[in-house]
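Asks: Quick check, what structure comes out for this input:
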Amino acid sequence: MGAQLPITWLTLVTLIDGLYGDLLIQGPKKAISEGDSVRLECMYTDKAFNITKVKFEVFNQWLAVWRSVWKGSWCFYSLDVQQVDDKMVLEIPRVASFSESVFRCVSDDDTLMEPNNASQTLSFKVHYLRDVQLSRVGLASLLALPQQLKVRRGDDVMLNCYASSSEEATYYWFRENDDWMLPSSLLRLKGVRAADAGVYMCMAMLPTVPLRKCCNISIVVLPEDARWYESNTGQVVLVSLLGVFIGLLVLIFAWRMCLKYHRKKAMTSKGPIDDHSQIKPIYKAKLKCLPSNSEDTLSSGTALWGWNGVE
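Replies: Numbers count the residues shown, from 1 in each chain. Presented below is the predicted three-dimensional model:
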C-alpha cells in the first residue's frame with residue numbers, strides 16, 4: 001500500500017501537467033550582431049490549448065514591470081507578431097544594442113493556472129562594434145588627427161586605436177604592402193625615417209563574432225629642409241602660441257577698459273561739499289547814488305556811481 005502512494009502521486013502530477021500544459025519560448029540559436037533579424041517563438045507543449053490567447057511580454061527594467069509586445073513600433077523598429085501554425089511568432093527585423101531585454105510568453109486562457117500560464121524567460125545578447133577611431137598620443141593630441149599626418153625626420157609618433165564595442169576588441173596594426181602585423185592598439189614609431197612613410201591601418205575585431213572594422217592613416221615624412229611649422233607638431237605649437245597671444249591681448253584690453261571706467265567714474269563724482277572753498281568778501285561797502293550836479297564828481301572824473309566810505 002505504501003509503495004503504491006508515490007506512484008499514484010506521480011501519476012496525479014503528470015495528469016495535472018497534461019491538463020494545464022506548459023508554455024515554451026524559443027529564440028535564436030546563434031550569436032546575434034547589431035542589424036541582424038531575430039525571431040522568437042511561443043508554443044504549448046500540449047497542442048490542445050488555444051495559441052491565439054498567447055502574447056509576448058518584455059520586461060521594463062526602469063519600471064520593473066512586464067509589458068505586452070504588440071505588432072507595431074518598438075525601440076524605433078517595427079515589430080511583427082503573428083500566428084504561424086501552432087506558434088506565436090515575434091520578429092524583430094533589425095536589432096540594436098538597446099534591443100537587449102528579457103522576454104516571455106503569457107497566456108490569457110482562464111483554464112491555465114500559475115505558473116503554467118507563463119513561460120520561462122528568454123534573453124539574447126546583441127554584439128556590436130562601432131567605427132574605429134585614431135588619436136595621437138602627446139602634445140599633438142590637442143588637435144584632431146588628420147587623414148594625412150606630416151612629421152619631421154627623427155620625430156617620435158605614437159598612434160592609439162580604439163572603438164566602442166559590446167566586448168573587449170582585439171586590435172592589429174599593419175602597413176600597406178607589408179607583411180608584418182602588430183597585435184596591439186598602440187603603434188610606436190621612434191625616430192621616423194623616410195622609409196617609415198606609408199599608409200598604416202588599424203583593424204578591430206571581436207573575439208566571439210565575425211565583426212571587424214578598419215581605419216587607416218597616411219604618414220608623410222617631411223624633407224630635412226622643411227619648415228618647422230609644416231609638421232603637425234609644429235602646427236600644434238603655432239596654434240598654442242597664437243592662443244596665448246590672443247589671451248594676452250584680451251587681458252590687456254580688459255585692463256585698459258577697467259582703468260578707463262574707474263577714471264571716468266572719478267571725474268564725474270562730485271564728492272563732499274567743502275565750506276572752506278567758498279570765497280568770502282574782505283570788506284563791506286555801501287553803494288550810494290551821487291547827484292548828477294556834484295562838482296566833486298565832475299572835477300575828479302569819477303563815475304556817477306561810486307563808493308561812499310567803508311564800514
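Asks: Return the set of residues that bridge with I217.
Replies: Taking DSSP bridges, one obtains Y200 as the residues bridged to I217.
Asks: Contacts only, for it.
Replies: 134, 145, 147-149, 159, 199-201 (Cβ atoms under 8 Å, 6 or more residues apart in numbering). In this view, the C-beta of every residue, glycine as well, is placed from N, C-alpha and C.
Asks: tell me which helix or strand of this structure sits lowest on mean pLDDT?
Replies: When the helices and strands of the chain are scored by mean pLDDT, DSSP states H and E, helix 4-20 comes last with a mean of 39.
Asks: so Y44 makes contact with I25?
Replies: No: contact between Y44 and I25 fails when scored by Cβ atoms under 8 Å: they sit 11.2 Å apart.
Asks: Those two - which one has more neighbours?
Replies: More crowded of Y44 and I25, by other Cβ atoms under 10 Å: Y44, with 24 against 20.
Asks: Out of the contacts of I217, the closest to R67 would be?
Replies: Checking these against R67 by Cβ to Cβ gives L134 as the nearest, at 42.0 Å.
Asks: Neighbouring strands of the helix or strand that contains the closest one in the sheet, and parallel or not?
Replies: Here L134, judged by DSSP states H and E, is contained in strand 133-136. Strand 133-136 pairs in its sheet with strand 157-162 (antiparallel), by DSSP bridges.
Asks: The partner strand: which residues count as buried?
Replies: For strand 157-162, burial by neighbour count (16 or more other Cβ atoms under 10 Å) applies to 157, 159-162.
Asks: what's downstream of that strand, the next helix or strand?
Replies: Using DSSP H and E, the next helix or strand after strand 157-162 towards the C-terminus is strand 170-175.
Asks: what does that following strand contact?
Replies: The contact list for strand 170-175 (Cβ under 8 Å, 6+ apart) reads 161-162, 180-185, 187, 198-207.
Asks: same question, stretch 201-208
Replies: Applying Cβ under 8 Å, 6+ apart, the contact partners of stretch 201-208 are 31, 127, 129, 132, 134, 159, 161, 163, 165-176, 185, 187, 211-217.
Asks: C-terminal to the strand holding L134, what's the next element?
Replies: Sequence-wise, the next helix or strand downstream of strand 133-136 (DSSP H and E) is strand 148-151.
Asks: For that following strand, buried residues please.
Replies: Using 16+ other Cβ under 10 Å as the test for burial, strand 148-151 gives 149-151.
Asks: In CSV: the residues you listed, plus pLDDT and distance to K71.
Replies: Listed next are the buried residues of strand 148-151 as CSV, based on pLDDT from 0 to 100; distance: Cβ to Cβ, whole Å:
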residue, pLDDT, distance to K71
L149, 87, 52
K150, 85, 57
V151, 86, 58
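Asks: Format those residues as a markdown table; extra columns: distance to Q61.
Replies: Shown next, in a markdown table, are these (distance: Cβ to Cβ, whole Å):
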| residue | distance to Q61 |
| --- | --- |
| L149 | 44 |
| K150 | 49 |
| V151 | 49 |
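Asks: For P146, give me the pLDDT.
Replies: Note on P146: pLDDT of 80.
Asks: should've said D296
Replies: Reported pLDDT for D296: 49.
Asks: So which elements touch the helix or strand following the least confident helix or strand of the chain?
Replies: Helices and strands here follow DSSP H and E; after helix 4-20, the next one along the chain is strand 23-26. Using 3 or more Cβ pairs under 8 Å, 6 or more residues apart in numbering; DSSP states H and E, the elements in contact with strand 23-26 are strand 38-44, strand 102-107.
Asks: Now the buried members of the contacts of strand 170-175.
Replies: Neighbour-count burial (16+ other Cβ under 10 Å) applied to those gives 161-162, 185, 187, 200, 202-206.
Asks: Show the contacting residues for Y162.
Replies: Y162 makes contacts with 132-133, 135, 171, 185, as judged by Cβ under 8 Å, 6+ apart.
Asks: If we use 7 Å, what do you get?
Replies: 133, 185 (Cβ atoms under 7 Å, 6 or more residues apart in numbering).
Asks: Model confidence score at it, please.
Replies: 94.
Asks: One more: S292?
Replies: For S292, the predicted pLDDT is 51.
Asks: can you check S107 too?
Replies: S107 is given a pLDDT of 88.
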